[in-house]
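**Q** What follows is a protein structure lacking sequence information:
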């Protein structure tokens, strides 16, 4: 439990931005977003000093504003930044908390025809908007991004694919090694979706519908659509429902197709639970472990790469983190990799390590 801080707090400023890239997005999510920006103590709007900028990419079900909310017995991110500044572990920085929440419960920060152009939204719109609105050092060498879980995934993938915009990245417990972190969750999701099957399965002998009557492999027969409609009406989904929603979000992210129902394919047969290899390959193409070799030039251009994970992460992401570090090392990509004795939850304290790392490489 931390006492109330006595050091200068800096300031959280809320700004509004209307995106042309998110207008008419397929989920109907708002194009106008209000999000917080933290400026350090002694920041002056009319000052000439320029500051490094960090973008905080939140995890699944999160959004930028949630990271500036009051927390009992703990710090929110602005309080953590103020403490690290007072302790001289970081110098003055500007930190941006984008709102990239979607109706599918979250975001992986890449472009998808089924969700929206969120990679372009960050790089083509928010970066220039922030540079125009605040006293940032506008060069790529002074800008970084960091995040946990889906946000960690977003950070490392942006380092791979969009290095022209980022000088350094920090990936906390990011999604990687999809065969472990996603594939094992699909049986539970298929059971949840089965409740929305039509006709409803009645007690007695199950008769598998013919392939012709079931439609093309990997295409929703209506149950995923009915599930989404129900979830969007519910005030509080259950844990298994949130997991199912997350996997549908990932399907919309990794295997979109505007020509099929819902705008995305599914990687498993809804009736038999069989993996559909052609669909799963589309997911694996987005697995950071498999992406390293395709993006070596960008990765080597970064001033800093930080990756960590708890060694008893309940989603088994430490295995993917180890493989990701191994692949980076195998290809001679300089990076820092750490493991720690904790799980996936409640690990914001690890930013005490990553934020100073980013500052050292960007200021």
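**A** That came in fine, so what should we check first? Keep in mind that what you see is a predicted model, and the values were worked out from it rather than measured.
**Q** does residue 45 count as helix, strand or coil?
**A** coil (DSSP: H, G, I helix; E, B strand; the rest coil).
**Q** Does it touch residue 135 like I think?
**A** Yes. Using C-beta atoms under 8 Å, residue 45 and residue 135 qualify as a contacting pair, with a distance of 7.4 Å. No exception for glycine: its C-beta is placed from N, CA and C like everyone else's.
**Q** The two: which is more packed in?
**A** Applying other C-beta atoms under 10 Å to residue 45 and residue 135 shows that residue 135 carries more neighbours, namely 18 against 9.
**Q** Against residue 311, how distant is the residue nearest to the more buried one when sequence neighbours are not counted?
**A** Once flanking residues are discounted, residue 135 sits nearest to residue 50: 5.6 Å by C-beta to C-beta, 6 or more residues apart in numbering. Using C-beta to C-beta, to the nearest Å, residue 50 is found at 39 Å from residue 311.
**Q** repeat for residue 249
**A** 27 Å.
**Q** higher neighbour count, those two?
**A** Taking other C-beta under 10 Å, residue 249 and residue 311 do not tie; residue 249 has more neighbours (24 against 13).
**Q** What's the separation between that one and residue 184?
**A** 17 Å.
**Q** With residue 235 instead?
**A** To residue 184, residue 235 is 29 Å away according to C-beta to C-beta.
**Q** Looking only at neighbour counts, state which of these two leads.
**A** residue 184 (11 against 4).
**Q** which non-adjacent residue is nearest that one?
**A** Nearest residue to residue 184 in three dimensions, chain neighbours excluded: residue 316, at 7.6 Å (C-beta to C-beta, 6+ apart).
**Q** That neighbour is in contact with residue 180, isn't it?
**A** Yes. The pair residue 316 and residue 180 qualifies as a contact (C-beta under 8 Å) at a distance of 4.7 Å.
**Q** what residues are shared contacts of these two?
**A** Common contact partners of residue 316 and residue 180 (C-beta atoms under 8 Å, 6 or more residues apart in numbering): none.
**Q** check which helix or strand covers residue 278.
**A** helix 277-284 (DSSP states H and E).
**Q** Sketch out the strands for the stretch 1-150 of the chain, chain order is fine.
**A** Assigned by DSSP state E, counting those that start in this stretch, the stretch 1-150 of the chain shows strands spanning 11-18, 32-39, 53-57, 94-96, 111-112, 116-117, 143-148.
**Q** For residue 331, find the nearest of those strands.
**A** strand 143-148 (21.4 Å; C-beta to C-beta).
**Q** Quick check: neighbours of that closest one in the sheet, parallel or antiparallel?
**A** strand 53-57 (parallel), strand 168-172 (parallel) (DSSP bridges).
**Q** winner for burial among these?
**A** strand 168-172 (a mean of 30; mean count of other C-beta atoms under 10 Å).
**Q** Check which element follows that one along the chain.
**A** Next in sequence after strand 168-172, counting helices and strands by DSSP H and E, comes helix 178-181.
**Q** contacting residues around the helix or strand just after that next one?
**A** Next in sequence after helix 178-181, counting helices and strands by DSSP H and E, comes helix 186-194. Helix 186-194 is contacted by residues 201, 223-224, 227, 240-241, 243-244, 247-248, 267-268, 270, 273 when judged by C-beta under 8 Å, 6+ apart.
**Q** Narrow these to those that are buried.
**A** Neighbour counting with 16 or more other C-beta atoms under 10 Å marks 223, 224, 227, 241, 243, 244, 247, 248, 267, 268, 270 as buried within the contacts of helix 186-194.
**Q** got the contact list for the first one?
**A** Same thing as residue 223. So residue 223 contacts 193, 194, 196, 197, 198, 270 (C-beta under 8 Å, 6+ apart).
**Q** Narrow the residues you listed to those that are buried.
**A** Looks like these have 193, 196, 270 buried, using 16+ other C-beta under 10 Å.
**Q** doesn't the second one fall inside a strand?
**A** No. If the criterion is three-state DSSP, then residue 196 is coil and not within a strand.
**Q** Please verify my assumption that it contacts residue 227.
**A** Yes. With contact defined as C-beta under 8 Å, residue 196 and residue 227 form a contacting pair (4.7 Å).
**Q** Could you quantify the relative orientation of the helix or strand harbouring residue 319 and strand 168-172 as an angle?
**A** Here residue 319 sits within helix 317-330, counting by DSSP H and E. Relative orientation of helix 317-330 versus strand 168-172 (axes from the mean of the first three to the mean of the last three C-alpha atoms, to 10 degrees): 150 degrees.
**Q** list the buried ones in helix 317-330?
**A** 317, 318, 319, 320, 321, 322, 323, 324, 325, 327, 328.
**Q** Also stretch 275-283?
**A** Counting neighbours by 16+ other C-beta under 10 Å, the buried set in stretch 275-283 is 276, 279, 280, 282, 283.
**Q** Pick the one among those residues closest to residue 73.
**A** residue 283 (38.2 Å).
**Q** okay but that closest one is in contact with residue 175, surely?
**A** No. Between residue 283 and residue 175 there is no contact under C-beta under 8 Å: 10.7 Å.
**Q** Can you work out which residues contact both of those two?
**A** Joint contacts of residue 283 and residue 175 (C-beta under 8 Å, 6+ apart) are residue 182.
**Q** picking that back up, how many neighbours does the residue nearest to residue 184 have?
**A** 15.
**Q** give the contact list for it.
**A** Taking C-beta under 8 Å, 6+ apart, one finds 177, 180, 181, 184 in contact with residue 316.
**Q** The second one and residue 140, how far apart?
**A** When C-beta to C-beta is applied, the distance between residue 180 and residue 140 equals 33 Å.
**Q** Just the pLDDT for the closest residue to residue 268 other than its chain neighbours.
**A** Closest residue in space to residue 268, ignoring its immediate chain neighbours: residue 186 at 5.3 Å, by C-beta to C-beta, 6+ apart. Looking at residue 186, its pLDDT is 98.
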